[in-house]
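1. okay, structure incoming, though there's no sequence with it:
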């Protein structure tokens, strides 16, 4: 009852852990943080119940992630629930699982983040872990149960605690197949913090140690189970909400009984905290110093858990989490949270060192920090899909966003900057080369080591990678190399889009400069609109990010600046193989071929149009007086003024035509209020229709002009005058506008819409 009351379980309100902040409720924040801390009263009660080992608590099966529930229904019970699931007399699984006190508390704590009841209630918008109480507890639990310093978690301050069975210990042999990568020398592989070879070796050595050593190591293992349980439960509840294997089997169709969980922003932020902390935790492993084959140092089991924490508990679930987010997250700036989580995972070399009891701080990045050492080849190989598949999923998102916006440009810049780190593209390409049976020279001039060039090494690594692909993506997955012709074609298209975004950004800057330099009289009667949301500093920053992204992409994929290079894609007939028409000349138009009724889209052109890669120039082709009503216009007034203008044009069309041909001063004054034929763009051929000079009163339906008239009327009314003075002032202002326009132009001047 206490935990259900704290975490708001079974439709209870809870204590609002995600809404209490240190800045707004400092007293409540400190009191609840001490109450729920790893050494607080609640956890001490949990430990006392755990020591007695007679109490079991029911946790509803419906609160488990949907992929785990599907496996349980099919009879394939996950390892985490192997000894927790209960069965009824008819052989069916019960609607709950039995947990000890420690597991019961962690399930409630981790479920609080993904509970739909609290997602609807909202949370405090936090930026640092100390802002919100729940986030502060998450960080404190990670520092306590997964400490980067020391030899393990502090012992329980009670009598000797029985060691529960841990799924990590029972399934240790299932990960031995990933130790066959031939990259690097044996010394570098053993020293790599992500190589499981040393963990498997330490496990075999523990079976041969002396009774004295077993007793010491057994005490360490007895304390390690809490760290293992904590990592298993938070990874299960936070990362396993959407499984690729279950999604491929059931799909996400509206009629199917499936769940499609899109994480909230707090959820993604916590996942990034977990990824960064586990990197620190894994990178803090101590180098082994074994003096005898029959002895093992005190921290061998703890160090083995550190080495295997990321690969065994985080890798597969995080890959499903990220891929699902890449495919289904909205195309807005909030995707940066998912992006930074991905970039944090693929850069473990950034997370070294730290302080006791708090999250390690990042040191300032230098040129030397951006060089990736060859010791990380094992990590790149074991996580190849994170570097290649997710990058290729990121590219379609870029094609569908506006690269002239500073936020979208910054996300592209972040990805390009990370992948352009010195040596990273070589490590990725060397891992991809292991999938081929025939060795070929690397494009970046890297000389592979002997283990890579050895045929046996390449074949063993290829087999391990294929097993890993099948585990992460499922059987039948077709791997698309990152450094392939298809991917390079997408990069070339992205470079073209960057050039267009740079040109558009320069046009916005020029429009802003022109608007700032023009007189107030010209601005008052100007119909030109530009994007006023971007400041000059944002425009400059956007241009800088676009230029740097272009340089990074050319460096990563070794693309030279060659405008004559063409893509070789099987799109069918296109303008490149047909008679070039006007649409084929412009690089901003979709690919077209001439037809009987004008240009026709090719398959490539339809692809470009649907994905927003290219678009037609929006030009006026019909009656300019029948343009769609804008958002800044009053719709009823537009229709009324159009009917009135049409009646005037029909009745006085001869006089209007005569005035438009005259060149005297009075005629030039009247010409300021006439509309001439609209200028046309000949990029796409269309029948030319000449519209005679005419009267158009549509400008009076603009809300801005009506506001000006209202201000003038209020001033006239405040001065004590009536309607006659108001109309007279409007006439004098119109006459002044026409006279100034007539004086400034010697030739006939027509207003264009």
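-> Thanks, I have the structure now. The model shown is predicted, which means the values in this text are computed figures rather than measured ones.

2. so where is the stretch 201-350 of the chain shaky, pLDDT-wise?
-> By pLDDT under 70, the low-scoring segments of the stretch 201-350 of the chain are 201-222, 246-259, 287-300.

3. so which strand or helix has residue 387?
-> Using DSSP states H and E, residue 387 maps to helix 384-399.

4. also residue 315?
-> With DSSP H and E as the test, residue 315 turns up in helix 315-328.

5. buried sites along that helix?
-> 315-326 (16 or more other C-beta atoms under 10 Å). C-beta here means a position set from N, CA and C on the backbone, and glycine is covered the same way.

6. wait, which of those residues is closest to residue 70?
-> residue 320 (13.4 Å; C-beta to C-beta).

7. surely that closest one touches residue 261?
-> No - between residue 320 and residue 261 there is no contact under C-beta atoms under 8 Å: 11.3 Å.

8. overlap in contacts, the two.
-> residue 242 (C-beta atoms under 8 Å, 6 or more residues apart in numbering).

9. helix or strand right after the helix holding residue 315?
-> Next along the chain from helix 315-328, counting by DSSP H and E, comes helix 335-345.

10. just the strands in the protein please.
-> 57-60, 85-87, 93-99, 592-595, 598-601, 674-675, 694-695 (DSSP state E).

11. each with direction, which strands does the second one pair with?
-> Taking DSSP bridges as the criterion, strand 85-87 sits next to strand 93-99 (antiparallel) in its sheet.

12. got the buried residues for the partner strand?
-> 93, 96-99.

13. now it, how far from the centre of its chain.
-> Chain-centre distance of strand 93-99: 36 Å, with C-alpha atoms, centre = their mean, to the nearest Å.

14. if I pick residue 64, what's in contact with it?
-> Per C-beta under 8 Å, 6+ apart, neighbours of residue 64: 72, 81, 97, 236.

15. who wins for most neighbours among those?
-> With neighbours taken as other C-beta atoms under 10 Å, the top of the contacts of residue 64 is residue 97, carrying 24 neighbours.

16. mind listing what the residue lying closest to that one once chain neighbours are set aside touches?
-> Among residues not flanking residue 97 along the chain, residue 84 sits closest, at 4.3 Å (C-beta to C-beta, 6 or more residues apart in numbering). Residue 84 makes contacts with 97-99, 103, as judged by C-beta under 8 Å, 6+ apart.

17. any idea of the pLDDT on residue 84?
-> Predicted confidence (pLDDT) for residue 84: 88.

18. ok, residue 449 next?
-> 47.

19. begin at 736 from now on, thanks
-> New numbering, starting at 736: the last item is residue 1184.

20. end to end, how far does stretch 814-830 reach?
-> 18 Å (C-alpha to C-alpha, to the nearest Å).

21. ah, wrong one, I meant stretch 737-749
-> End-to-end for stretch 737-749, by C-alpha to C-alpha: 10 Å.

22. pLDDT of that stretch, averaged?
-> Mean predicted confidence for stretch 737-749 is 84.

23. how about the residue nearest to residue 1234 when sequence neighbours are not counted, what does it touch?
-> Spatially, and ignoring its direct neighbours in sequence, residue 1234 is nearest to residue 1285 (7.9 Å; C-beta to C-beta, 6+ apart). By C-beta under 8 Å, 6+ apart, the residues touching residue 1285 are 1230, 1233-1234.

24. and the helices in the stretch 1136-1285 of the chain, which stretches?
-> Taking DSSP state H, counting those that start in this stretch as the test, the helices found in the stretch 1136-1285 of the chain are 1141-1154, 1159-1168, 1185-1188, 1190-1208, 1220-1252, 1255-1259, 1271-1292.

25. of all those, which one is nearest residue 797?
-> Closest among these, using C-beta to C-beta: helix 1190-1208, at 27.5 Å.

26. tell me which residues in the closest one are buried?
-> 1192-1193, 1195-1196, 1199-1200, 1203-1204, 1206-1208.

27. distance of residue 809 from residue 995?
-> According to C-beta to C-beta, to the nearest Å, residue 809 and residue 995 sit 19 Å apart.

28. what do you get for residue 1284?
-> For residue 1284, the distance to residue 995 - C-beta to C-beta - is 32 Å.

29. the more surrounded of those two?
-> residue 1284 (26 against 13).

30. so what's that one up against?
-> 1144, 1147-1148, 1151, 1233.

31. mind listing the helices for the stretch 1386-1488 of the chain?
-> Using DSSP H, counting those that start in this stretch, the helices of the stretch 1386-1488 of the chain run over 1388-1396, 1400-1406, 1438-1453, 1458-1479.

32. among those helices, show me which one is buried the most.
-> When the helices of the stretch 1386-1488 of the chain are scored by mean count of other C-beta atoms under 10 Å, the highest mean neighbour count falls to helix 1400-1406 (a mean of 17).

33. might you list the low-confidence residue ranges for the stretch 1236-1385 of the chain?
-> 1249-1268, 1296-1323, 1346-1347, 1353-1357.

34. again, 50 this time
-> Scanning the stretch 1236-1385 of the chain for pLDDT under 50 picks out 1262-1264, 1298-1321.

35. do the stretch 786-935 of the chain as well
-> Using pLDDT under 50, the flagged stretches of the stretch 786-935 of the chain are 894-898, 900-935.

36. on that earlier part again, now the contacts of residue 819 as TSV including distance to residue 1011?
-> Shown next, in TSV, are the contacts of residue 819 (distance: C-beta to C-beta, whole Å):
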residue	distance to residue 1011
832	30
833	34
834	28
838	25
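
37. return the member of the residues you listed nearest to residue 884.
-> residue 838 (26.0 Å).

38. give me the neighbour count for that closest one.
-> Quick note: residue 838 (other C-beta under 10 Å) scores 23 neighbours.

39. now the most far-flung residue of the chain relative to its centre: phi and psi?
-> Here the centre of the chain is the reference, and by C-alpha atoms, centre = their mean the most remote residue is residue 1399, at 63.5 Å. Note on residue 1399: backbone dihedrals following degrees, to the nearest 10 are phi -80, psi 170.

40. which ones are touching it?
-> So residue 1399 contacts nothing (C-beta under 8 Å, 6+ apart).

41. then residue 777?
-> 737, 741, 770-771, 840 are the contacts of residue 777 under C-beta under 8 Å, 6+ apart.

42. what would the strands of the chain look like in JSON lines with distance to residue 1439?
-> JSON lines is the format used below for these (distance: least, C-beta to C-beta, whole Å):
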{"stretch": "strand 792-795", "distance to residue 1439": "59"}
{"stretch": "strand 820-822", "distance to residue 1439": "68"}
{"stretch": "strand 828-834", "distance to residue 1439": "63"}
{"stretch": "strand 1327-1330", "distance to residue 1439": "39"}
{"stretch": "strand 1333-1336", "distance to residue 1439": "37"}
{"stretch": "strand 1409-1410", "distance to residue 1439": "19"}
{"stretch": "strand 1429-1430", "distance to residue 1439": "21"}
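
43. I'm done for today, thanks for sticking with me.
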